[in-house]
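**Student:** Predicted model follows, preceded by the sequence.
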Protein chains: 2
Amino acid sequence: MSPQPTSRGPVPHGHVTLSQVAQRAGVSAQSVSNALNNPDRLAPATLERILATVAELGYEPNLSARALRNRSSHLIAFKVRPSRPDKASLLMDEFLYALNRSAVAAGYHLILCHAEGDGSAEEIKAYRNLLKKTPVDAFVLAETHRNDDRVAALRSWGVPFATFGRSWDGDDSLAWVDVDGRAGTRAATEHVAAQGHHRIGHIGWPAESEIGEERRAGWRAACGERGLETDLEAAVPDTLEDGRQAAHRMLDAPRPATALVCASDTLALGVLRALHERGLRPGAEVAVTGFDDSPTAALVSPGLTTLRQPIDVVGRQLIQAVENLIAGDPREPQHVLLQPELIVRGSSLPGPRTPTP
Amino acid sequence: MSPQPTSRGPVPHGHVTLSQVAQRAGVSAQSVSNALNNPDRLAPATLERILATVAELGYEPNLSARALRNRSSHLIAFKVRPSRPDKASLLMDEFLYALNRSAVAAGYHLILCHAEGDGSAEEIKAYRNLLKKTPVDAFVLAETHRNDDRVAALRSWGVPFATFGRSWDGDDSLAWVDVDGRAGTRAATEHVAAQGHHRIGHIGWPAESEIGEERRAGWRAACGERGLETDLEAAVPDTLEDGRQAAHRMLDAPRPATALVCASDTLALGVLRALHERGLRPGAEVAVTGFDDSPTAALVSPGLTTLRQPIDVVGRQLIQAVENLIAGDPREPQHVLLQPELIVRGSSLPGPRTPTP
DNA sequence: GAGCCGGACTTTAACGTTAATACCTGATCG
DNA sequence: CGATCAGGTATTAACGTTAAAGTCCGGCTC
């Protein structure tokens, strides 16, 4: 903390600027800038002296000035969505935390966008406005769909961006990170088949949902491989009540289901309710699996077998992807497909549990 | 879209700047700036012409330049926390959305902070670093506690901030917004008392938690007013298992509880599990209430009676509070105490439900 | 009619940074 | 031995905005 013999400038108070560091180190402001951005342009001795002064004064470059000069704010924009209270999953909450952690680790900050509609013209306008006001370095989109207008807009503006959710229109030039719903549902199906189930139904979402179709395909593939029928199939909205009704239908079938693989925890919880209404024991009599590992899945009795998305990896990879794009990396945009993890709980095990005394 | 007769400057492409607007409107850049920031300094005719040009060109002020010049970034910082997967509540997710909506409506943007620890020295360092890099206008803190170092730090730096959570050390100079946990728990207690329950227990958190103590006080007050005993009391960590065990203890008491008012949905879900293990019907035989209206509360069977925090109002009021501070409003800092809403579901009603056939 | 006032607008300078350019010094070359 | 070069550092100018100071001019006072 004692003043170094080689630096004679004053120790400034409050905000520390480049020229204050320069003055104290006895060099020009540009040299300090070079020390931080182009260290190879300086003589080693000078570099060392400058860096020591930077550390001594605790200098941090002013982002506004940098942004103004470089047209780069070190900001990554992300739009937060309202959390639907009827949805069990904390996925977006965990995702945001993971994304932010990786962004900060990479020297960026997350700035949040807002738009009432979803995927709407209003959302695109919000992005446009943000870009007018501040040179956001990149965008991260979640829950993309086929023919996503936001993708088209961002691309037309030439802004780097990556999406959580693959390109559904076979667009290879998009950078994306996704979780393999097909493999996940297949793993769940194989798991219940391994417990001896032969009548395995699937409760999923309507065909408009690309994610839903992927998950359904995993169930169909696993059944196909084992020669199991795939006649027990429902495509319903993602609510507990719809899951409950679909379960009742499949349990009323001539050859009823003994296992139900669901596209979401919400639907699976509906199935658990249906079983409860019929006095059937989950796991022991009818196996049930969900998707997303919501908090509820761990809290219900018996626990709900489900698939956990490796959400911290998703965040890390997305930041990696936009970093590459920002750096103008000439390689192909990244496509990362991650595997979900099957979390086995009581709802799919014959276990010793006796829920209905 | 056709060029106006009074303005003869060129229509620029790409980024629109003050001086481009100025050129087209035939005035100086400063006049355009004044049109937006000090309209009364201009002659009405000039003002109108400038504003028309601003609209025509879709000009938006550059935030980096503004920040550099004004030392104000129109950014509000908030630190996101990891969502604990064993906690049922979506509170923070909803809060962030609400806060961001209000921030954007007020012309601000939310920028996210990250720190591994919690309330730690590292968190304070993260705030300090952010402030060095960019002139964040204000901070919003969540989940404050007694002798919160973050409060002391932000105050010592002279940065405006408001907290979600009241000042626990009786510090009137703090701007805060909070939800009245005492009134909420009191309402829940009165509700079960109105169903005819006389042995009402409370499962809450250890006394270190100021929030927990508030909620406990509400239960105690409601019981006191009705001459009910308050001997059935537990102070445990906020986990399902702790709730379950506490419930068993209170049901094993010489004069057992017939109603259990809990400090959280997580604890209440533990109680529901305990009831299930004993073959007791929630609502009909033992009333249960939680706190926070987690998604799980609506999804379990029977539904869990709980208290919903008016989280959108919390967000709005917090932004309001920091706006006042930023504007240097001379009035006392705001203290806003909001009332939670009792959401009555099957777990506290004798209703016709027959959960255990 | 000289002096003054004040409204309407413009010019200047500055916020902190960095690309581009200019400068200086000593070494190498023809 | 003067010219050329290159490494190291300094100067200039610009990013877009706005506070402060300056200019201009018509109207008013005495």
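**Tutor:** Alright, I've got the coordinates. Numbers count the residues shown, from 1 in each chain, chains lettered A, B, ... in the order given.
**Student:** For the stretch 51-200 of chain A, give me the ranges with low pLDDT.
**Tutor:** A:119 (pLDDT under 70).
**Student:** Up against DNA strand D, what does it have?
**Tutor:** By the rule CB under 7 Å from any atom of the strand, the part of the stretch 51-200 of chain A lying against DNA strand D is A:65, A:68-69. In short, each C-beta sits where N, CA and C put it, glycine included.
**Student:** quick one: the strands in chain A?
**Tutor:** According to DSSP state E, chain A carries its strands in the segments A:75-79, A:109-113, A:138-142, A:161-164, A:175-179, A:200-204, A:233-235, A:259-262, A:287-289, A:306-308, A:335-338, A:341-343.
**Student:** who touches the spatially most central residue of chain A in this structure?
**Tutor:** Nearest residue to the geometric centre of chain A (CA atoms, centre = their mean): A:Phe95, 4.5 Å. A:Phe95 sits next to A:142, A:164, A:311, A:314-315 when contact means CB atoms under 8 Å, 6 or more residues apart in numbering or on different chains.
**Student:** can you redo these as a markdown table with neighbour count?
**Tutor:** Formatted as a markdown table, those follow (neighbours: other CB atoms under 10 Å in any protein chain shown):
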| residue | neighbour count |
| --- | --- |
| A:Ala142 | 18 |
| A:Phe164 | 24 |
| A:Ile311 | 24 |
| A:Val314 | 24 |
| A:Gly315 | 23 |
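**Student:** Of those residues, which ones also sit close to DNA strand C?
**Tutor:** Among those, no residue sits close to DNA strand C (CB under 7 Å from any atom of the strand).
**Student:** Quick check: A:His198 touching A:Thr258?
**Tutor:** Yes. At 7.1 Å, A:His198 counts as touching A:Thr258 under the criterion of CB atoms under 8 Å.
**Student:** re the thing from before, ok, so of the contacts of A:Phe95, who is nearest DNA strand C?
**Tutor:** Checking those against DNA strand C with CB to the nearest atom of the strand, the nearest one is A:Gly315 at 26.6 Å.
**Student:** Please name the nearest non-neighbouring residue to the closest one.
**Tutor:** What sits nearest to A:Gly315 in space, not counting adjacent residues and going by CB to CB, 6 or more residues apart in numbering or on different chains, is A:Ala98, at 3.2 Å.
**Student:** related to what we said a few turns ago, want to throw the strands of chain A into TSV with distance to B:Cys223?
**Tutor:** Output for these, formatted as TSV (distance: least, CB to CB, whole Å):
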stretch	distance to B:Cys223
strand A:75-79	46
strand A:109-113	43
strand A:138-142	47
strand A:161-164	49
strand A:175-179	49
strand A:200-204	45
strand A:233-235	48
strand A:259-262	43
strand A:287-289	41
strand A:306-308	40
strand A:335-338	52
strand A:341-343	41
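**Student:** how about the ones you listed in TSV, adding distance to chain B?
**Tutor:** Below are those laid out as TSV (distance: least, CB to the nearest CB, whole Å):
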stretch	distance to chain B
strand A:75-79	8
strand A:109-113	4
strand A:138-142	12
strand A:161-164	16
strand A:175-179	17
strand A:200-204	15
strand A:233-235	19
strand A:259-262	13
strand A:287-289	14
strand A:306-308	9
strand A:335-338	18
strand A:341-343	11
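**Student:** between those strands, which one is nearest to A:Leu272?
**Tutor:** Nearest of the strands of chain A to A:Leu272, taken as CB to CB: strand A:287-289 at 6.1 Å.
**Student:** residues making contact with the closest one?
**Tutor:** The contact list for strand A:287-289 (CB under 8 Å, 6+ apart) reads A:188, A:191-192, A:195, A:197, A:258-262, A:268, A:271-272, A:275, A:282, A:304-307, A:347-349.
**Student:** The residue nearest to A:Gly315 contacts A:Gln317, doesn't it?
**Tutor:** No. Counting by CB under 8 Å, A:Gln317 is not a contact partner of A:Ala98; they are 10.1 Å apart.
**Student:** Okay, domains of chain A per the record?
**Tutor:** A:18-61, A:75-180+A:310-339, A:181-309+A:343-348 (automatic domain parsing).
**Student:** out of everything not next to it in sequence, what's closest to A:Pro310?
**Tutor:** Per CB to CB, 6+ apart, closest to A:Pro310 is A:Leu338, 5.2 Å.
**Student:** hmm, I was thinking of A:Gln309
**Tutor:** Counting by CB to CB, 6+ apart, A:Val179 is the residue found nearest to A:Gln309 once chain neighbours are left out, at 4.6 Å.
**Student:** cool, A:Ala153 as well?
**Tutor:** Going by CB to CB, 6+ apart, A:Ala153 has A:Ile124 as its nearest residue, at 4.7 Å.
**Student:** what do you get for A:Val271?
**Tutor:** According to CB to CB, 6+ apart, the nearest residue to A:Val271 is A:Ala247 (4.1 Å).
**Student:** Fine by me, thanks again.
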